[in-house]
Each structure stands twice: as structure tokens, then as C-alpha cells.
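**Student:** Could you work out the structure for the sequence below:
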Amino acid sequence: MKELNTSLPYPSEDAGEDPVVENVRAALLRAGLADTVIVVPESVATAATAAAVLGCTVGAIANSLIFECDGAPLLILASGAAKVDVKLVARVHGLGKIRRASPEFVLQHTGQPVGGVAPLGHPRPIHTFLDCDLAQFPVLWAGAGSHQAMLSMSYSQLLATTGAKETAVR
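**Tutor:** Just a heads-up that it's a prediction; the model follows:
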């Protein structure tokens, strides 16, 4: 694994310009976590671009994927190296059909854009699953509310903060 790019601002002083990122920062603090939000000049809207900018493996990126299940939002926090098998997740957890959500649905339920969705800071709690493959990484990176903002935390912090259920996604 590459070393973290230590030239990145940590935390970012520029995050205050975006109210959505500020909301994510406030959610971290309310959860009793450190403010680890960083804002970078490049887009980090995909796991591959985020990993390249952050200097980590793509597997350490915790993608916040919003799906629609029976009309409600479902958040799956999946490793950037994983392709989520929604049929498997639905079968294992007794859920109805899980469908990819539209960008409008994602924004409505998270207040955040596709490609920048954070695992926390949503208007209301969202039923969440956490990819157990992420447990192998000491530091996880996730979106922080915009295409240029990321946050970091451990697997156990992500699990506790989101109230997620651990699951295999593939």
C-alpha cells in the first residue's frame, strides 16, 4: 500500500466554503470523532481518483452508495475495490429488490451529490450496511459531501458512527 500523501491539508481549512461539507464536518464532531475532512483541488468523485490523490489503495476507499429499496434509501458502504452484488445483499438480509438510485433521489435523501456522498451528515438516518472487506484497512477514506472533499476514520469508527450492519457485498 502507498503511504498517505502527507502534503494534503489535514484537516482542510477550505472546507468552510461549502455548507454541505461543513454539515459533514459537524456530524463528525457530534459523533465525537476528530475533524478529518480534507478538501483537494482535484475531483475525488470515484474510488480510483480518490485513491490516486490520497496515495492509498482503492480498496481503502469506502464508497457511500445509495440505493432504493421499497421506496426508501439504503446506504451500502463498500470498498472501492468491490462491485456490490445487490441480489446477494437483499437475499442475505431479507430485503426487497435493491435498485440503483437516481441522482435526484440521492440528493433528496442525503443532501449530498452522487460522487461526494458521505457516510454521515444526512437529514435523517439511513439504513446502512458496511462491507466487511473494509476491516482489513487501518484507515478508511470516504466522501465528505462534495466531489473534492474526503474524510478518514477507522473501520470500527465507521461501523459505530453509522450504526451499519456488517455484510459481505460480493
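**Student:** got the residue ranges for the helices in the chain?
**Tutor:** Assigned by DSSP state H, the helices in the chain fall at 19-30, 47-54, 86-93, 103-110, 155-162.
**Student:** Just give me the neighbour total for Ala101.
**Tutor:** 21 (other C-beta atoms under 10 Å). Bear in mind the C-beta positions are built from the backbone N, C-alpha and C, glycine included.
**Student:** where does the protein have low pLDDT?
**Tutor:** Counting by pLDDT under 70, the chain has low-confidence residues at 1-16.
**Student:** residue boundaries of the strands in it?
**Tutor:** For the chain, strands defined by DSSP state E occupy the ranges 38-39, 61-69, 72-79, 98-100, 127-131, 140-143, 149-153, 165-167.
**Student:** right, and Asp35 touches Arg25 too?
**Tutor:** Yes. At 5.6 Å, Asp35 and Arg25 qualify as touching, with contact defined as C-beta atoms under 8 Å.
**Student:** Neighbour count for those two, which is higher?
**Tutor:** For Asp35 and Arg25, the more surrounded residue by other C-beta under 10 Å is Arg25, and the numbers stand at 24 against 15.
**Student:** In space, what's closest to that one - neighbours in sequence excluded?
**Tutor:** Val37 (4.9 Å; C-beta to C-beta, 6 or more residues apart in numbering).
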